[in-house]
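A.B. asks: here are the coordinates; sequence isn't available:
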C-alpha cells in the first residue's frame, strides 16, 4: 500500500513538472505602425496586394513569362526542396515522445586460459574450456519531457517549416516583380528604337531640303554638315537600342529558365495602361502579407523555443531504460521459454554539475539571440513601411512628370512643323529646325522612360505590399 502511494505521488509530481515551462516566451512585439501609409491616396482597407498576379498583370505574354519563370527558376526549385526537407523534419518530430527501441541479437564464444580462475571454473563446473553466450533482446530508453524540451523542438520544426514556405513566397514575389520590370523595360526599348527610326526619317527629309537649297545657292556646306551630324545622332541610337534589346531579351530568357532567345511581344509600351488602383490597405495588414516580415516573426518563435531548451538543459533529466529478451550460454537452449527469458528496468535522474557555467552561458546567449530576433523583426517592418511609402511617392510624382513631359513633347512636335514651314518660306534658319528636331527626339525618349518608370513604380508598390505570391 505504501509503495503504491509513493508511485502515485511520483506520477503526480511528474505530470506537474511536465506542465511547467522553465522559460517564459516573450510576447510578440507590436511594431510601431502608422494608421495609414504616407502619401496613400485613400483609406480603403482593401489592398492591391490581395489581387493575384495574373489579375494584376493582364498581358498574356507577360503572364506566360512569369509562369515559365516560376516553374523553371533555380531559386524557386531550391526553395521547394527546402520545403520538402522541412516537411520531413516536421513529420519526424511527431515521434519525439516515443522511446528509442533497439533489437540486439548477439552470439559469442570466449576461451579463457586454463590457468586462469575463469578457465579452472569452467573445467570444474561445465566440463569444457570455453564459454558460449547467446542473447536476443529488445532495449528501450525514454527521457521524460519534464521541462518541455520536446515540445519546444516541435515548435522549432514547425516554425522552420513555415519559414521555408515564406521563403518560397518571397522568391515568387521577387520573380514576378523582376519579370514584369524586365518586360516593361523591353517594351520601353522597343518604343525608343521606333522613336529613333522615325527621327532618322524626319532628319532625312530635313537634310534633303537643305541640300536642295544648297544646290540653289541658298545654304552653305556648313548647313548640310550640321544637319547630317544631327541625323547621325539618331542613326547611332538605332544600334545602341538594338543592342540593349538583345541583352534585355537574353536576361529575360534566363529569368524564365530558358536559353537566350527572342521574346515575342504583342503589345507596345504606349498601349500598356498604367494601373489606376494604388490602394494599399492599412499598414497592419501588411504584416500578414509580406513574406520577409512573416519569416522574421517566425524567427522570434524559434528563438523563444531555443531559449526554453537552453534553460531546460540546466535542470535534471529523468531517464528510464528497459531491456528484455532471451539469453542462454548454450545455443540449444537459446529459445527455451520461459527458462531463457530475462528482463531489467532502470531509472535515473541526471543533474549537470560541472557543465553548469557552460549551460548558463548557452542560456544567456539564447536570450541575446531572442532579443536580436526582435530587433530584426522591428527593422524589417520599418523598412517595409518605408518601401511602400517610397513606391507611393514615386507613383505620385512620376505621374506629374509624365503629364508635363507629354505636354512638352506635344509642344515640340508642333514646333517641328512650324520650324519646317518657316524654313521653307525663308523665315527660320536651318539651326532652328535642327534644334527643334533634337529637342523633340530627347523629349520623346524621356517620355518613354517615364512611362516605364511609372509601370515599375506600380510593380514596386505591389511587391512592397506583399503581392505576387498568391
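C.D. replies: Everything's here; your move. No experiment lies behind these values; they were computed from the predicted model shown. Numbering: from 1, shown residues only.

A.B. asks: measure residue 89 to residue 218 for me?
C.D. replies: To residue 218, residue 89 is 86 Å away according to Cβ to Cβ, to the nearest Å. Backbone N, C-alpha and C define where each C-beta goes, glycine included.

A.B. asks: So these two - more neighbours on which side?
C.D. replies: residue 89 (15 against 11; other Cβ atoms under 10 Å).

A.B. asks: Surely the more buried one is in contact with residue 163?
C.D. replies: No - applying Cβ atoms under 8 Å, one finds residue 89 not in contact with residue 163, separated by 11.8 Å.

A.B. asks: Residue 244 - how many residues pack around it?
C.D. replies: So residue 244, with other Cβ under 10 Å, has 16 neighbours.

A.B. asks: and what of residue 73?
C.D. replies: When neighbours are counted by other Cβ under 10 Å, residue 73 registers 21.

A.B. asks: go on, residue 377?
C.D. replies: Counted with other Cβ under 10 Å, residue 377 comes out at 23.

A.B. asks: Might you report the residue contacts of it?
C.D. replies: 29, 31, 293, 296, 297, 299, 300 (Cβ atoms under 8 Å, 6 or more residues apart in numbering).

A.B. asks: And it, which helix or strand is it part of?
C.D. replies: Using DSSP states H and E, residue 377 falls within helix 356-424.

A.B. asks: how distant is that helix from the center of its chain?
C.D. replies: The chain centroid and the centroid of helix 356-424 are separated by 19 Å under Cα atoms, centre = their mean, to the nearest Å.

A.B. asks: Now do the following helix or strand past that helix and helix 356-424, the angle between them.
C.D. replies: Using DSSP H and E, the helix or strand that follows helix 356-424 in sequence is helix 430-464. Calculated by axes from the mean of the first three to the mean of the last three Cα atoms, to 10 degrees, helix 430-464 forms an angle of 150 degrees with helix 356-424.

A.B. asks: List the buried residues of helix 430-464.
C.D. replies: The neighbour-count check on helix 430-464 (16 or more other Cβ atoms under 10 Å) flags 430, 432-434, 436-464 as buried.

A.B. asks: Then stretch 32-39?
C.D. replies: Buried, per 16+ other Cβ under 10 Å, within stretch 32-39: 33, 37, 39.

A.B. asks: Looking at those residues, spot the one nearest residue 82.
C.D. replies: residue 33 (29.9 Å; Cβ to Cβ).

A.B. asks: Where does the closest one sit: helix, strand or coil?
C.D. replies: For residue 33, the assignment made with DSSP: H, G, I helix; E, B strand; the rest coil gives coil.

A.B. asks: Helix or strand, whichever it is, which one in the protein has the lowest mean pLDDT?
C.D. replies: Every helix and strand of the chain was ranked by mean pLDDT, DSSP states H and E. The lowest is helix 2-18, at a mean of 45.

A.B. asks: Next secondary structure element downstream of that one?
C.D. replies: Following helix 2-18 toward the C-terminus (DSSP H and E): helix 53-56.

A.B. asks: which residues touch that following helix?
C.D. replies: 48, 63, 66, 176, 275, 462, 467, 468, 470.

A.B. asks: looking at it, the second one is touching residue 52, isn't it?
C.D. replies: No - Residue 63 is beyond contact range of residue 52, at 10.7 Å (criterion: Cβ under 8 Å).

A.B. asks: With neighbour numbers in mind, choose between these two.
C.D. replies: residue 63 (15 against 11).

A.B. asks: In terms of pLDDT, where does the nearest residue to that one once chain neighbours are set aside sit?
C.D. replies: Here the nearest residue to residue 63 in space, its sequence neighbours aside, is residue 54; by Cβ to Cβ, 6 or more residues apart in numbering that works out to 5.7 Å. The score at residue 54 is 93. That number is its pLDDT.

A.B. asks: ok, now how distant is residue 54 from residue 407?
C.D. replies: Residue 54 sits 35 Å away from residue 407, going by Cβ to Cβ.

A.B. asks: Pick out whichever of these two has more residues nearby.
C.D. replies: Set side by side, residue 54 and residue 407 show more neighbours around residue 54, with 14 against 11, by other Cβ under 10 Å.

A.B. asks: And that one, how far from residue 182?
C.D. replies: Applying Cβ to Cβ, the value for residue 54 to residue 182 is 18 Å.
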